[in-house]
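Chemist: I'd like to go over a predicted model; first the sequence, then the structure.
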Amino acid sequence: MASCTEGGSNDRDLELFHFAFRFLVEEPDRILAERGLNRSHHRILYFVGHGGPDMTLTDLLDKLRVSRQALHRPMRQLLDQGLVLLTPVPSNRRMLNVRLSDEGAKLEARLSALQTGYLDKAFAAVGPGAAEAWRQVMEVLAADPTRLGQTDRPALQVAGRTHHEHESAAHVS
């Protein structure tokens, strides 16, 4: 049985979430598919593009919370298409910095512009306070399950390190 939230049921909230998510990713998915890419590639492009100039491959693994094996294939495809570049870290040549090529940065900017444009229009349609309220809900869901009473979630093993759900500020699905 669904529990009630303000003005409705969680079932309706989930339905709206799924429809909104489908809308947000539909056009970016189409653009990516033209290159033989998908949403996993989009996540990599986004986080590399927004990770700063010193982002390492290990940082990316931590951010995405995936294993090296899970990252290998989509990263290889992005490298092969010249969208992502790997270079040794000067102070530790066993580590690799990851960044977008010019073409990768253009693609990531195009995809993000579509999605931020959709969000901007939706927030404007709802009115003042919509964006802040939405961000508050997303931050709770993405970053801190203890605020929801979820203290029993198991630790996650990623890249040989233990992570707890609430330690990551950016949960990527």
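Modeler: Now that the structure is in, tell me what you want to look at.
Chemist: can we go C-alpha only for contacts and neighbour counts from here?
Modeler: Noted.
Chemist: got the residue ranges for the helices in the chain?
Modeler: Using DSSP state H, the helices of the chain run over 10-33, 39-49, 57-64, 68-80, 102-126, 130-143.
Chemist: ok now do the residue nearest to Tyr46 when sequence neighbours are not counted, which residues does it touch?
Modeler: Spatially, and ignoring its direct neighbours in sequence, Tyr46 is nearest to Glu108 (6.1 Å; Cα to Cα, 6 or more residues apart in numbering). By Cα atoms under 8 Å, 6 or more residues apart in numbering, Glu108 lies in contact with 42, 45-46, 49.
Chemist: quick one: which of those has the most company?
Modeler: For the contacts of Glu108, the largest number of neighbours (other Cα atoms under 10 Å) sits with Leu45, at 25 neighbours.
Chemist: what pLDDT does that one get?
Modeler: At Leu45, the pLDDT value in this model is 98.
Chemist: got a list of what it touches?
Modeler: By Cα under 8 Å, 6+ apart, Leu45 lies in contact with 84, 100, 104-105, 108.
Chemist: Make TSV out of those and add distance to Glu26.
Modeler: Compiled in TSV, these are given as follows (distance: Cα to Cα, whole Å):
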residue	distance to Glu26
Val84	23
Leu100	23
Gly104	19
Ala105	20
Glu108	15
